[in-house]
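Asker: Next comes the sequence, and after it the predicted model I'd like to discuss.
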Amino acid sequence: MKSASLVVRVMIEGKRKNLSPEQAKQIGVSGTFYIRTWEGGKEKWKAIGTDPSQARIAVVRKEREFNGGGRITGSKTLREAIDIFLAERSVQQDVKTVNSWRNELARFEKITPKIYLKDIDRSDVFAYWNSYKAEGAAPRTIYNRVQSLTTFLKNQGVTGLLKHNELPKFQEKPVDYYNETNPSELHTYFAHCNPEERLAYLFFLFTGCREREAVFACWQDLDFKNRTLTISPKPELGFRTKNGSVRVVPIPQVLVNALKTYVLTIPTRRLIFTNASGGAEGHFLKKCKAIAKRAGLNCGHCVNKKSLSCAKHPVCDNWTLHKFRRTWATNHMLNGAPLPVIQQWIGHSDLETLTRYLAHISAKTDLAKQMADNMARQLNVGTSAAEMMVEKLNI
């Protein structure tokens, strides 16, 4: 029988003691983590270090090794599988993402009556799917949730429950960005911002940052001389970038000037944007929608999950933080920046998403218009169409 457990070796009143992580946390002591294993009737100990996250992932890997690399075993419960999966994700991803996984898997665990992982089958996946459908979730949301569930099951060795063509279908929305239908909307939006709001949303517009990238943006990340922003992980703040990457984004002089002025008016601090108590600002989206409502920019047709209409409340779907990011990427494309370069700036692992942007706006570029004119000249027909219409209409 093979088994693995995590032990914390601590010193209490000059004596060495072995405690479980829970016991050590309860009495407020820390020490060195060890993996204690039993293999062939022999007890083995291996020091892991003092980092709790690294210790958890080490014991998870050892358990997976004992279970044949994570394949299904008759005794592994769904709860155990979820704990293993979340322990791995807690090392690889940030707290917000791990909490999202935790909520999704808790929902699946509540829906399925199965105790053991080996008993999970297609009916459980479809029950999970239908739970979202019954709530009226959007097709894209259902697709994302079902795909996440199959990712978890595949990670734990459960595969083949759905064929590729059985995944939920959804219609890909065209890429929307500010100024698409109303060239004055951004001017109106920023005219209703106070100075700090104006700077914050110009930051989103001119850097292409995701929300948490802006939340944890620090003054030291800015290079005013070279006009760049570096986006990198900050483990001590609980922030990890997507895929753990580091990227450098160019920023325009207008934003540099605004930031230089702003830094002179605030106390010395690490984060660029903070809330009233000096902590990380966590309400960018809520404030974004409030400004749109204040500026009279709500469409008047959106209704959120709480049945609030954007005709009277700040809940309009047309105003989101990610739309600033899409505006940033779209305008770089319209100005001729190469896709591989934009990919590095925006932090996408592949070009798939950017090609959606390109398909939507490529016909609007100056190059596209020039190519259309060149094609017409080459075919050399219809050159007198305007004159013919003038004659027909007697203009």
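Answerer: Yep, it's here.
Asker: going forward, measure contacts between C-alpha atoms and count neighbours the same way
Answerer: Fine.
Asker: remind me which residues of the stretch 201-350 of the chain are low pLDDT?
Answerer: The stretch 201-350 of the chain contains no residues with pLDDT under 70.
Asker: Tell me where it has strands.
Answerer: With DSSP state E, counting those that start in this stretch, the ranges of strands along the stretch 201-350 of the chain come out as 222-223, 228-231, 247-250.
Asker: who does the first one pair up with?
Answerer: Counting by DSSP bridges, the strands paired with strand 222-223 are strand 228-231 (antiparallel).
Asker: before we move on, the earlier item: taking the strands of the stretch 201-350 of the chain together, which one is wrapped up most tightly?
Answerer: strand 228-231 (a mean of 20; mean count of other Cα atoms under 10 Å).
Asker: now that one, how far from the chain's geometric center?
Answerer: 18 Å (Cα atoms, centre = their mean, to the nearest Å).
Asker: Need the residues that contact it.
Answerer: Residues outside strand 228-231 that contact it (Cα atoms under 8 Å, 6 or more residues apart in numbering) are 207, 213, 217, 221-223, 241, 246-251.
Asker: would a markdown table of the strands of the stretch 201-350 of the chain with distance to K287 be doable?
Answerer: A markdown table is the format used below for the strands of the stretch 201-350 of the chain (distance: least, Cα to Cα, whole Å):
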| stretch | distance to K287 |
| --- | --- |
| strand 222-223 | 24 |
| strand 228-231 | 23 |
| strand 247-250 | 25 |
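Asker: With respect to Q93, which of the ones you listed lies nearest?
Answerer: Ranking those by proximity to Q93 (Cα to Cα) places strand 228-231 first, at 15.8 Å.
Asker: For stretch 206-215, what is the spacing between the initial and final residues?
Answerer: Using Cα to Cα, to the nearest Å, the end-to-end distance of stretch 206-215 comes to 15 Å.
Asker: Counting neighbours, what do you get for S277?
Answerer: 7 (other Cα atoms under 10 Å).
Asker: List the contacts of H332.
Answerer: I342.
Asker: at 7 Å instead, please
Answerer: Residues near H332 by Cα atoms under 7 Å, 6 or more residues apart in numbering: none.
Asker: domain parsing for the chain?
Answerer: Per the record, the chain has its domains at 1-65, 67-171, 185-347, by automatic domain parsing.
Asker: So which of these is nearest A372?
Answerer: Closest among the domains of the chain, using Cα to Cα: domain 185-347, at 16.2 Å.
Asker: in stretch 285-299, what's buried?
Answerer: For stretch 285-299, a neighbour-count test (16 or more other Cα atoms under 10 Å) marks C288, K289, A290, I291, A292, K293, A295, L297, N298, C299 as buried.
Asker: quick one: buried residues of stretch 21-34?
Answerer: In stretch 21-34, the ones that count as buried by 16+ other Cα under 10 Å are P21, A24, S30, G31, T32, F33, Y34.
Asker: need the longest strand for this structure.
Answerer: For the chain, the strand with the greatest residue count under DSSP state E is strand 3-12.
Asker: ok so, going back, quick one: closest of the domains of the chain to Q370.
Answerer: Proximity to Q370 (Cα to Cα) singles out domain 185-347 among the domains of the chain, at 13.6 Å.
Asker: Can I get the domains of the chain in JSON lines including distance to Q370?
Answerer: Shown next, in JSON lines, are the domains of the chain (distance: least, Cα to Cα, whole Å):
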{"stretch": "domain 1-65", "distance to Q370": "56"}
{"stretch": "domain 67-171", "distance to Q370": "32"}
{"stretch": "domain 185-347", "distance to Q370": "14"}
